[in-house]
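Asker: sequence and predicted structure, then a few things I'm wondering about:
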Amino acid sequence: MVEAVPDQTGWILTLQHIHWHDGRPVTAADVCFSVATALDPRAPAWWRGPVAERVSACTVLDARRARLSADGDPREALGIPLVPRHAYTQENPWFNPRLGSAPIGTGRYRATRTSAGWTLRARGSSGISAFHLTSAESDDAAVDRLLAGEGDGVLAVPPARVPGVVAADGLALRWANHQQITLIALDPGDGPTADPAVRRALDRLLDRPRLRERVVGIDPTDDRQPATLVSGPFYPRSPWSARSIPPTLHDSADAAEALSQSGFTWTGSHWVRDGAPLRIRVATGPPPLGSASLLYAACGQWLTAGIEVEAVVLSRSAYALALEGHPPAGLDALVMSWTPPWGESPRGLVASTGWSNPFRYADPAVDRELDRLSDPDPDVARRAGWELHGRLADRIPFLFLWTNDAWSAWSDSAVTFTPLTPGDLFGAVESWR
């Protein structure tokens with residue numbers, strides 16, 4: 001979609017012939033307006049962060065070319081939604097009521113709102129001229145509709161429903177890599193989780209395989225399992241992932257030892273220190289942003305181990321603020337998903353200035369290793385990834401759980417028409433909701 005070529009003053013970006021969903025062409029003015037928006041201090045941290053760290057200016061050269069003054073390769077910095085300049089009348093679209101009212105992304109489909117959801121209509125030739133997008137109460141409900149002939153595709157099929165989809169006529173499964181990692185962020189700076197022993201205990205008390213089985217579901221006979229367990233912020237096949245660090249095993253004895261060494265006493269039913277029980281407050285967002293099932297399942301495991309837990313489902317706005325580093329007062333942990341940008345760098349999650357670092361975890365050693373990830377020497381970059389992986393496993397500011405992979409299901413009329421993955425097709429629309 002964009003060709004990036006370095007020159008003496010930065011990078012020249014050349015746009016291909018691409019369009020917004022409303023049919024207007026994407027121009028260099030849109031790129032520079034998007035950069036200016038991201039550099040505005042009023043912009044949300046998740047948008048501002050990756051741009052502000054690498055890009056200092058953007059200049060329009062002509063309709064299709066722009067020059068970025070950037071520190072290093074700007075493509076990671078531009079792993080954000082572009083803003084259609086023509087759709088906004090104010091200088092900062094975050095304060096424009098149009099934002100979120102119409103899905104204007106890029107691609108070969110125009111999107112319009114309907115009473116049931118959204119309709120995407122193809123521009124030019126396409127195997128399918130239109131898509132109608134609707135949401136369901138749950139993944140199970142979506143599969144029920146698909147089996148009843150009320151739709152042509154489901155993005156995530158619960159493992160328990162896979163055999164039924166396989167047995168149905170006219171449906172086919174596709175493996176969908178949603179490029180996300182599910183995790184629980186802990187507050188290492190305040191409250192009970194500021195104690196490294198408490199973070200270690202919370203980590204060891206999670207039985208990840210049982211948690212995955214309850215929340216996601218697995219089929220032991222299936223060669224391809226959803227939700228691959230991970231031990232850090234990298235995909236298992238990433239060259240930066242340290243293979244020597246396996247996913248954390250459930251170890252109640254090690255958790256008890258950590259708490260005892262930190263001054264906690266086991267009463268037979270609870271862990272207590274200085275007469276007060278160990279109590280944590282854990283939250284997630286509303287569906288589909290958060291995962292209440294994971295929240296309650298994880299809290300249940302901790303509660304069974306003698307840790308008092310308060311589980312909270314935040315409002316959409318409160319959850320968004322928490323992800324940007326402004327969690328509600330008294331919150332100790334946040335159940336969330338992390339989507340690495342281009343290049344798989346976890347900078348946005350684990351850097352001291354990370355735009356999706358809920359509790360502002362800061363470690364100068366982590367920041368140094370993040371900088372080394374972009375070293376042109378692949379051996380240096382790999383070692384940096386391994387060091388970063390190991391340091392996070394030792395400090396435990398995050399409880400990494402699994403990747404968000406799953407089977408998707410499609411009707412015969414939809415499964416063969418397009419090279420786009422479900423995430424590509426729907427993600428472009430979702431980013432403008």
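Answerer: Nice, thanks for sending it over.
Asker: remind me, longest helix of this protein?
Answerer: Counting by DSSP state H, the longest helix found in the chain is helix 378-395.
Asker: now the angle from the helix or strand following that helix to helix 378-395?
Answerer: Going down the chain from helix 378-395, the next helix or strand is strand 398-411, by DSSP states H and E. Orientation of strand 398-411 against helix 378-395 (axes from the mean of the first three to the mean of the last three C-alpha atoms, to 10 degrees) gives an angle of 110 degrees.
Asker: what is strand 398-411 packed up against?
Answerer: helix 139-147, strand 153-157, helix 162-167, strand 171-186, helix 208-215 (3 or more C-beta pairs under 8 Å, 6 or more residues apart in numbering; DSSP states H and E). Placement of C-beta: from N, CA and C, glycine included.
Asker: cutoff 6 Å now
Answerer: Packing partners of strand 398-411 (3 or more C-beta pairs under 6 Å, 6 or more residues apart in numbering; DSSP states H and E): strand 153-157, strand 171-186.
Asker: mean pLDDT lowest where, among the ones you listed?
Answerer: Lowest mean pLDDT within these: strand 153-157, a mean of 82.
Asker: using CSV, write out every CA atom in it.
Answerer: Extracted in CSV, the C-alpha atoms of strand 153-157 (Å, rounded to 0.1, in the frame of the first residue of the first chain):
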residue,chain,number,x,y,z
GLY,A,153,-18.9,-16.4,8.1
VAL,A,154,-17.9,-16.4,11.8
LEU,A,155,-14.5,-15.0,12.8
ALA,A,156,-13.9,-17.3,15.9
VAL,A,157,-15.4,-20.7,16.3
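Asker: who does that strand pair with, and is each partner parallel or antiparallel?
Answerer: strand 398-411 (antiparallel) (DSSP bridges).
Asker: could you check the angle strand 171-186 makes with the strand it pairs with?
Answerer: Computed by the same axes, to 10 degrees, the angle separating strand 398-411 from strand 171-186 equals 160 degrees.
Asker: one step back: is it possible to export the helices and strands packed on strand 398-411 to CSV including mean neighbour count?
Answerer: Shown next, in CSV, are those (neighbours: other C-beta atoms under 10 Å):
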stretch, mean neighbour count
strand 153-157, 23
strand 171-186, 19
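Asker: low-confidence ranges in the stretch 301-433 of the chain?
Answerer: Applying pLDDT under 70 to the stretch 301-433 of the chain flags residues 341-343, 413, 415-433.
Asker: which residues of it fall in helices?
Answerer: 316-323, 347-350, 364-372, 378-395, 412-415, 422-430 (DSSP state H, counting those that start in this stretch).
Asker: between those, which one is nearest to Arg85?
Answerer: Smallest distance to Arg85 across these (C-beta to C-beta): 17.7 Å, for helix 422-430.
Asker: could I get the helices and strands packed on strand 398-411 as a markdown table with distance to Val5?
Answerer: Listed next are these as a markdown table, based on distance: least, C-beta to C-beta, whole Å:
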| stretch | distance to Val5 |
| --- | --- |
| strand 153-157 | 36 |
| strand 171-186 | 26 |
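Asker: which one of these lies closest to Leu278?
Answerer: From the helices and strands packed on strand 398-411, taking C-beta to C-beta, the stretch that ends up closest is strand 171-186, at 13.7 Å.
Asker: other residues contacting whichever helix or strand comes after that closest one?
Answerer: Counting by DSSP H and E, the next helix or strand C-terminal to strand 171-186 is helix 196-205. The contact list for helix 196-205 (C-beta atoms under 6 Å, 6 or more residues apart in numbering) reads 186, 192-193, 248, 251, 254-255, 258-259, 262, 302, 305, 396, 399.
Asker: distance to Ala384 for these - can I get that in a markdown table?
Answerer: What follows is the contacts of helix 196-205, written out as a markdown table (distance: C-beta to C-beta, whole Å):
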| residue | distance to Ala384 |
| --- | --- |
| Leu186 | 23 |
| Pro192 | 32 |
| Thr193 | 27 |
| Thr248 | 22 |
| Asp251 | 29 |
| Asp254 | 29 |
| Ala255 | 30 |
| Ala258 | 29 |
| Leu259 | 33 |
| Ser262 | 31 |
| Trp302 | 33 |
| Ala305 | 35 |
| Ile396 | 20 |
| Leu399 | 23 |
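Asker: deepest-packed of the helices of the stretch 301-433 of the chain, please.
Answerer: helix 347-350 (a mean of 25; mean count of other C-beta atoms under 10 Å).
Asker: what's around Trp402, how many residues?
Answerer: For Trp402, the number of neighbouring residues by other C-beta atoms under 10 Å comes to 24.
Asker: with adjacent residues omitted, what lies nearest to it?
Answerer: Ranked by C-beta to C-beta, 6 or more residues apart in numbering and with sequence neighbours excluded, the top spatial neighbour of Trp402 is Ala227, at 3.9 Å.
Asker: and what of His86?
Answerer: Arg24 (5.9 Å).
Asker: that neighbour: neighbour count?
Answerer: Burial measure for Arg24: 14 neighbouring residues, criterion other C-beta under 10 Å.
Asker: and the pLDDT at it?
Answerer: On the pLDDT scale, Arg24 gets 80.
Asker: then Gly10?
Answerer: We have a pLDDT of 79 for Gly10.
Asker: surely it and Leu61 touch.
Answerer: No: assessed by C-beta atoms under 6 Å, Gly10 is found out of contact with Leu61, at 11.2 Å.
Asker: who has more neighbours out of these two?
Answerer: Gly10 (19 against 13).
Asker: ok, what's across the strand from the residue lying closest to the more buried one once chain neighbours are set aside?
Answerer: Nearest residue to Gly10, sequence neighbours excluded (C-beta to C-beta, 6+ apart): Ser69, at 4.2 Å. Beta-bridge pairing of Ser69 under DSSP bridges involves Ala57.
Asker: contacting residues for Ser69?
Answerer: Applying C-beta under 6 Å, 6+ apart, the residues near Ser69 are Gly10, Ser56, Ala57.
Asker: for Leu186, give its distance to Ala258.
Answerer: 14 Å (C-beta to C-beta, to the nearest Å).
Asker: likewise for Ala298?
Answerer: From Ala298 across to Ala258, the span is 18 Å (C-beta to C-beta).
Asker: and these two? Which one has more around it.
Answerer: Taking other C-beta under 10 Å, Ala298 and Ala258 do not tie; Ala298 has more neighbours (28 against 22).
Asker: phi and psi next, for that one.
Answerer: phi -70, psi -40 (degrees, to the nearest 10).
Asker: before we move on, the earlier item: now the longest helix of the chain and helix 364-372, what's the angle there?
Answerer: Using the same axes, to 10 degrees, helix 378-395 lies at 150 degrees relative to helix 364-372.
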